[in-house]
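Q: Mind folding the following:
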Amino acid sequence: MRNLHASALAGDTHAAAVYLARCVGSRTFVEIDLPEIRAAADLAAAARSVLAAVAEGRCDVESGERLLGLVRGVGEAAVVEQLEARIAALEAGR
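A: Modelled structure (predicted):
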């Protein structure tokens with residue numbers, strides 16, 4: 001990193017790009033229309049939307065993987081909400 005930094009300061013634009021990418025990371029902003037995820041069944045539609053964006057080149061693979069991770073997290077929260085509702089209904093029926 002020190003060599004990259006020194007080269008970047010000396011005017012090496014390639015070294016500067018590599019140095020910045022390592023320090024800041026690459027940030028890609030992707031806009032994809034995803035369906036609302038309210039239940040576990042909605043996860044497949046959201047995943048297909050992300051996959052289509054990657055396949056069409058609107059989203060790079062790495063960003064697609066990150067988005068799928070977010071979709072998975074929302075899906076897990078939806079499953080917990082459903083379970084809580086079912087447990088509450090069962091307890092109310094006692």
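Q: What's the separation between Ala17 and Val24?
A: Relative to Val24, Ala17 is positioned 11 Å away (Cβ to Cβ, to the nearest Å). C-beta coordinates here come from the backbone N, C-alpha and C atoms, glycine included.
Q: And the two? Which one has more around it.
A: Ala17 (12 against 8; other Cβ atoms under 10 Å).
Q: Against Val79, how distant is the more buried one?
A: Going from Ala17 to Val79 by Cβ to Cβ gives 42 Å.
Q: same thing with Glu36?
A: Distance, Glu36 to Val79, by Cβ to Cβ: 15 Å.
Q: Looking at those two, which is more packed in?
A: Between Glu36 and Val79, counted using other Cβ under 10 Å, Val79 has the larger neighbour count: 13 against 10.
Q: What does the pLDDT read for the more buried one?
A: With respect to pLDDT, Val79 scores 84.
Q: separation between it and Ala40?
A: Distance from Val79 to Ala40, counting by Cβ to Cβ: 5 Å.
Q: secondary structure class for the nearest residue to Leu20 once chain neighbours are set aside?
A: Excluding the flanking residues, the one nearest Leu20 by Cβ to Cβ, 6 or more residues apart in numbering is Ala8, at 8.0 Å. Here Ala8 is helix, with the state taken from DSSP: H, G, I helix; E, B strand; the rest coil.
Q: is it true that Val74 touches Arg38?
A: No: look at Val74 against Arg38 with Cβ atoms under 8 Å: they stay out of range, at 9.5 Å.
Q: Which one's more surrounded, these two?
A: Ranked by neighbour count (other Cβ under 10 Å), Val74 and Arg38 place Val74 first, with 17 against 12.
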